[in-house]
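Trainee: Okay, here's the prediction I keep looking at, along with the sequence it came from:
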Amino acid sequence: MEQLDLLQIFQGVATLVDSAQTEPIIFFTRIGLILLGCALIYLAQKGVLEALLMVPMGLGMAAVNAAVMFVPPRMAYEIPEVGDPKGTLFLNPLISEGDQFITILQIDWLQPIFSFSFSNGLIACLIFLGIGTLLDVGFVMARPFRSMFIAICAELGTVIALPLAIMMGMSLPDAAATATIGGADGPMILFAALMLSEELFVPITVVAYLYLGLIYGGYPFLIKAMVPRHIRGMKMPPEKPVNITPGEKIVFSVIAAIALCMLFPVASPLFFSLFLGVIVREAGLTHYKEVLGGPVLYGATFFLGLLLGVLVEASTILNPDVLILLVVGILALLFSGIGGILGGYVLYYATGKKYNPVIGIAGVSCIPTVAKVAQKSVSEVTPDAIVMHHALGASISGVITSAIFAAVLISVVRAAGLGMF
Amino acid sequence: MTSEGNNRRRPLWRRLPRAFYWVTGAAVALLGAIIFRDLAEGTPLQTQFIIWMIGSVFVFLGLVIVSIGVKARLHDDDDDQGTGGSPPAPP
């Protein structure tokens, strides 16, 4: 009787042992990523991180790193015309040739979704369409100067992160993509990273979403550090309610969309998608609004999380620039928060101490999280003080401003003849 | 005091019709976008960043002017009908 090789039967154990002996860094990174994936699911389920995104991302991350432990990635691609691909068992992000693309499309089960929605930025646009149907630009129109001023101040992190990343050794495209984390807008970061940074778009987007998930816990400490308790709890003078009609919001959105598309053609898909969503909402197109704000938004968010998760493979994370990215990313968000609060202080003094500077944090565009953070920080001191409508105005302006800054960065990098496309 | 009296007390820029703000705001935003995009194309890389940011300021300024039209309208009780709204009911 032929002797059975137990390691041939339990290939997972065999390759695990083998990789521990031959490539210990890869082995430990994969184990770490499986654990990180499980931790993301746990933290999402506990409400610490955004469950809609982190559950599929966590499971994708854990599954793909478990999978490559028993099937080496290249075994799945032993096709001469494909050559030496990067990517995971589930998809290859860097396929460019037509023949390779068709071959890979037939092998990797997630490749069609990636190629037809990720690599062209469609998924970011779908999310923006959905977000647009949830935005009420009336909050911006009611107090445009203040909202837009705060939003511009809250881009301080983006402005500081770009030279900082270059000083730390990143190339201009990678630094520009990393700097967009300061805008704190997930789809925008994904779009910019896809346009600018071929090698780093996965870690940039994953790190950005992880950091954005931590904003809710971190920014209250920043507010407490920068705004004394007596100012934090101040009540704003009551305002006459502003009834802005849907027609006025549509005019605002049409002008904003056309002007911004004209100024920044490179980011026009994002501007168009965002304001189309707003117009669908304000035009009372209920059926479209339900589809875009429901299945489209949640479907796109699900696949965004899942595909980002399965792209987090050990070799991607072991890029030395990822360490710089981790540092620059958190600094970008920190400085954006500081910039927003400083902008709030400028308005506090400009209005004769009638403006609560805590609202400044809402200029960081992570809507509606930062607006909730601002309201929560104020309510902790004065429970009946309401700043939510001011904060939402700043936050919505922040979405527009971070799109503008991302567009400027993409335009500058493209003008320099760098970037992916 | 009559609404005519109120109207006289308000500055001229608040008495202008809402459409004036829309047209002016659109003109500022769109002209700013066109002019600064053209300017950026012929300049060195370091200058382009600043030019694009100035263009963005003009777009913001245009949007602020459009928003001011709302406040002007809110002071005019007769012109509070609004536009847009729900689509017509299906037959």
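Mentor: Ah, there it is.

Trainee: from here on, contacts and neighbour counts on C-alpha atoms
Mentor: Will do.

Trainee: quick one: residue A:266 and chain B, what's the gap?
Mentor: As judged by C-alpha to the nearest C-alpha, to the nearest Å, residue A:266 and chain B stand 12 Å apart.

Trainee: Then residue A:30?
Mentor: Taken as C-alpha to the nearest C-alpha, the span from residue A:30 to chain B is 41 Å.

Trainee: Quick check: that residue touching residue A:65?
Mentor: Yes - if you go by C-alpha atoms under 8 Å, residue A:30 and residue A:65 touch, sitting 5.5 Å apart.

Trainee: shared neighbours of these two, anything?
Mentor: Counting by C-alpha atoms under 8 Å, 6 or more residues apart in numbering or on different chains, the common neighbours of residue A:30 and residue A:65 are A:313-314.

Trainee: So for those two, which sits in the more crowded spot?
Mentor: The residue with more neighbours, out of residue A:30 and residue A:65, is residue A:65; 28 against 25, by other C-alpha atoms under 10 Å in any protein chain shown.

Trainee: tell me the contacts of the more buried one?
Mentor: If you count contacts by C-alpha under 8 Å, 6+ apart, residue A:65 has them with A:30-31, A:33-34, A:310, A:313-314.

Trainee: Name the nearest residue to residue A:112, ignoring sequence neighbours.
Mentor: Nearest residue to residue A:112, sequence neighbours excluded (C-alpha to C-alpha, 6 or more residues apart in numbering or on different chains): residue A:105, at 6.0 Å.

Trainee: In this structure the one you found contacts residue A:113, no?
Mentor: No - shown here, residue A:105 and residue A:113 do not form a contact pair, counting by C-alpha under 8 Å, at 9.6 Å.

Trainee: Give me the more crowded residue out of the two.
Mentor: residue A:105 (19 against 16).

Trainee: What helices and strands are in contact with the host helix or strand of residue A:401?
Mentor: Remark: residue A:401 resides in helix A:388-415, with elements defined by DSSP states H and E. Packing partners of helix A:388-415 (3 or more C-alpha pairs under 8 Å, 6 or more residues apart in numbering or on different chains; DSSP states H and E): helix A:138-142, helix A:144-153, helix A:172-179, helix A:186-196, helix A:369-381, helix B:45-74.

Trainee: Let me see the mean pLDDT of that helix.
Mentor: Helix A:388-415 shows a mean pLDDT of 89.

Trainee: And that helix, how far out from the chain middle?
Mentor: Chain-centre distance of helix A:388-415: 13 Å, with C-alpha atoms, centre = their mean, to the nearest Å.

Trainee: now that helix against helix A:186-196, angle please.
Mentor: Counting by axes from the mean of the first three to the mean of the last three C-alpha atoms, to 10 degrees, helix A:388-415 lies at 0 degrees to helix A:186-196.

Trainee: Give me the buried positions along stretch A:250-265.
Mentor: Residues of stretch A:250-265 classed as buried: A:250-264 (neighbour count, 16 or more other C-alpha atoms under 10 Å in any protein chain shown).

Trainee: Stretch A:156-174 now?
Mentor: The neighbour-count check on stretch A:156-174 (16+ other C-alpha under 10 Å) flags A:156-166, A:170, A:172-174 as buried.

Trainee: same deal with stretch B:52-65?
Mentor: Quick answer for stretch B:52-65 (16+ other C-alpha under 10 Å): B:52, B:55-65.

Trainee: which of the residues you listed lies closest to residue A:407?
Mentor: Closest approach to residue A:407 among the buried residues of stretch B:52-65 (C-alpha to C-alpha): residue B:52, at 9.4 Å.

Trainee: would a markdown table of the buried residues of stretch B:52-65 with pLDDT be doable?
Mentor: Shown next, in a markdown table, are the buried residues of stretch B:52-65 (pLDDT from 0 to 100):
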| residue | pLDDT |
| --- | --- |
| B:52 | 87 |
| B:55 | 90 |
| B:56 | 90 |
| B:57 | 90 |
| B:58 | 92 |
| B:59 | 92 |
| B:60 | 91 |
| B:61 | 92 |
| B:62 | 93 |
| B:63 | 92 |
| B:64 | 90 |
| B:65 | 91 |
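
Trainee: Of these, which ones also sit close to chain A?
Mentor: Among the buried residues of stretch B:52-65, proximity to chain A is found for B:52, B:55-56, B:59-60, B:63-64 (C-alpha under 8 Å from any C-alpha of the partner chain).

Trainee: can I get those in a markdown table with distance to residue A:355?
Mentor: Below are these laid out as a markdown table (distance: C-alpha to C-alpha, whole Å):
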| residue | distance to residue A:355 |
| --- | --- |
| B:52 | 30 |
| B:55 | 28 |
| B:56 | 25 |
| B:59 | 25 |
| B:60 | 21 |
| B:63 | 22 |
| B:64 | 19 |
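
Trainee: tell me the contacts of whichever residue of the stretch 51-200 of chain A sits closest to chain B?
Mentor: Nearest to chain B in the stretch 51-200 of chain A, going by C-alpha to the nearest C-alpha, is residue A:141, at a distance of 4.9 Å. Counting by C-alpha under 8 Å, 6+ apart, residue A:141 touches A:244, A:249, A:393, B:64, B:67-68, B:70.

Trainee: Who wins on neighbours among these?
Mentor: Neighbour-wise, those (other C-alpha under 10 Å) top out at residue A:393, 29 neighbours.

Trainee: what residues are up against it?
Mentor: Applying C-alpha under 8 Å, 6+ apart to residue A:393 gives the contacts A:137-141, A:143-144, A:147.

Trainee: Tell me the one among the contacts of residue A:141 nearest to residue A:16.
Mentor: Comparing the contacts of residue A:141 against residue A:16 with C-alpha to C-alpha places residue A:393 closest, at 52.5 Å.

Trainee: Would you mind measuring from the closest one to chain B?
Mentor: In this view, residue A:393 and chain B are 12 Å apart by C-alpha to the nearest C-alpha.

Trainee: quick one: contacts of stretch B:39-58?
Mentor: Under the criterion C-alpha under 8 Å, 6+ apart, residues A:260, A:263, A:404, A:408-409, A:412, A:415-416, B:28-29, B:32-33, B:35-37 lie in contact with stretch B:39-58.

Trainee: Show me what from chain A comes close to chain B.
Mentor: Selection of chain A residues close to chain B by C-alpha under 8 Å from any C-alpha yields A:141-142, A:144-145, A:148, A:242-248, A:250-252, A:255-256, A:258-260, A:262-264, A:282-285, A:404, A:408-409, A:412, A:415-416.

Trainee: where in the chain is pLDDT low?
Mentor: If you meant another chain, say so; for now it's chain A. A:1-13, A:15, A:69-89, A:94-96, A:417-421 (pLDDT under 70).

Trainee: look at chain B instead
Mentor: Scanning chain B for pLDDT under 70 picks out B:1-14, B:71-91.
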